[in-house]
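In: coords please:
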Amino acid sequence: MPTSRSLIDDRLLVARLVGEKVRLPRAGLTTTSYWYYRACRAAIVGGAGQLSGPFAFLEAREQAAAIRTMLSLPEDIALPDPRELVPAMVAMHQRNPQLNVMSVEAAAAAGLLGARVLLSTRAAEGILPTILDEERIAWRVVTIG
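Out: Alright, predicted model coming up:
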C-alpha cells in the first residue's frame with residue numbers, strides 16, 4: 001500500500017529549499033530533527049560539501065533568503081513529534097545497535113509515520129537502506145539535477 005508521507009534526507013531538504021532541480025512529492029513531506037539540523041548548520045557554516053555547496057552557488061541576496069527559509073522550516077515540511085519519536089528511536093536502536101543516532105532517528109520516524117524514505121544518492125550508499133529493508137520500510141533514491 002503506497003504511503004502519502006515521504007521522509008526526506010538532509011541533502012534533499014537543502015535541494016528543495018534552495019530551488020535545485022529535484023523531483024519530490026508536492027505534499028506530505030517530513031524530515032527529521034537531525035537532518036534538519038545538519039542542513040541548517042551547512043547553510044550557516046558554508047563550505048563546498050554536499051550540504052553546504054548548493055548555498056555557495058547562490059548570489060548573496062539569494063543565499064541570505066535561502067538561509068532564512070532554512071532557519072524557518074516551511075510549514076509544508078513536517079517534523080515528527082519527539083514524544084512519540086523518542087520511544088520509537090529507543091526500540092529501533094535495540095533492534096539495530098550498529099546505527100548512528102541520525103540513522104536511528106530516520107528509520108524510527110519512517111516506521112512511526114508509515115513514511116517512504118527518500119534518500120539522496122550519497123545517503124543511499126550507507127547502511128540505512130539495508131536497515132530500512134530489514135524493517136520493511138519503503139525507500140527510494142532521488143537524484144538532484
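In: now the helices for the chain?
Out: Applying DSSP state H to the chain gives helices spanning 10-18, 33-45, 53-56, 60-71, 82-95, 101-113, 128-134.
In: out of the ones you listed, nearest to Ser120?
Out: Of all those, helix 10-18 sits nearest to Ser120, with 3.6 Å by C-beta to C-beta. All C-beta atoms are positioned from the backbone trio N, CA, C, and that covers glycine.
In: just for this protein, where's the confidence low?
Out: In the predicted model, the chain carries pLDDT under 70 at residues 1-3, 47-48.
In: and stretch 112-121, how far from the chain's centre?
Out: Centroid displacement of stretch 112-121 relative to its chain, using C-alpha atoms, centre = their mean, to the nearest Å, is 8 Å.
In: And stretch 135-145, by the same measure?
Out: From the chain centre to the centre of stretch 135-145 is a distance of 11 Å (C-alpha atoms, centre = their mean).
In: just stretch 44-61 next, same as before
Out: Counting by C-alpha atoms, centre = their mean, stretch 44-61 is centred 18 Å from the centre of its parent chain.
In: Burial check on the nearest residue to Tyr34 once chain neighbours are set aside, number of neighbours?
Out: Spatially, and ignoring its direct neighbours in sequence, Tyr34 is nearest to Met102 (4.4 Å; C-beta to C-beta, 6 or more residues apart in numbering). A count of nearby residues for Met102, using other C-beta atoms under 10 Å, gives 19.
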